[in-house]
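Chemist: pasted the sequence and its predicted model underneath.
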Amino acid sequence: MTGAAWMEVFAGIFSAISHSYGSLQISADLVIALALALALVLVLMWRDAKSAGRSIWPWIGVTPLAGSFGPLLYFVMSKEKA
């Protein structure tokens, strides 16, 4: 995708968000809710990695790149305690 196409995509997203005060508030609420959910998942991953003796840093690096697949892969690939 060219730079102009990316700018058109982002312009379309931001124009939809700023269409009215209601859509702006819904977008802000979604951003806040997703940020809180991500923080909760990262805290859970941190505590689990600490108790299992695993390194959390690779998974913290994967999470911004892969989105929700980062924590999902972390918990899927973790060893179950006997």
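Modeler: In hand now; what should we look at? Treat the numbers as computed from the prediction; the structure is a model and nothing was measured. Residues are numbered from 1 along each chain as shown.

Chemist: pop out the phi and psi values for the residue nearest the centre of the chain.
Modeler: With distances taken as C-alpha atoms, centre = their mean, the residue of the chain nearest its centroid is residue 67 (4.5 Å). Summarising the backbone geometry of residue 67 under the convention degrees, to the nearest 10, its torsions are phi 70, psi -140.

Chemist: the helix or strand harbouring residue 14 packs against which elements?
Modeler: Element membership of residue 14 [criterion: DSSP states H and E] is helix 3-17. When contacts are defined as 3 or more C-beta pairs under 8 Å, 6 or more residues apart in numbering; DSSP states H and E, helix 3-17 sits against helix 21-52. Using the backbone N, CA and C atoms, a C-beta is placed for each residue, glycine as well.

Chemist: which SS state does residue 63 fall under?
Modeler: The three-state label given to residue 63 by DSSP: H, G, I helix; E, B strand; the rest coil is helix.

Chemist: now swap in residue 54 and tell me
Modeler: If you use three-state DSSP, then residue 54 falls in the coil class.

Chemist: do I have it right that it meets residue 60?
Modeler: No - under the criterion of C-beta atoms under 8 Å, residue 54 makes no contact with residue 60, lying 11.9 Å away.
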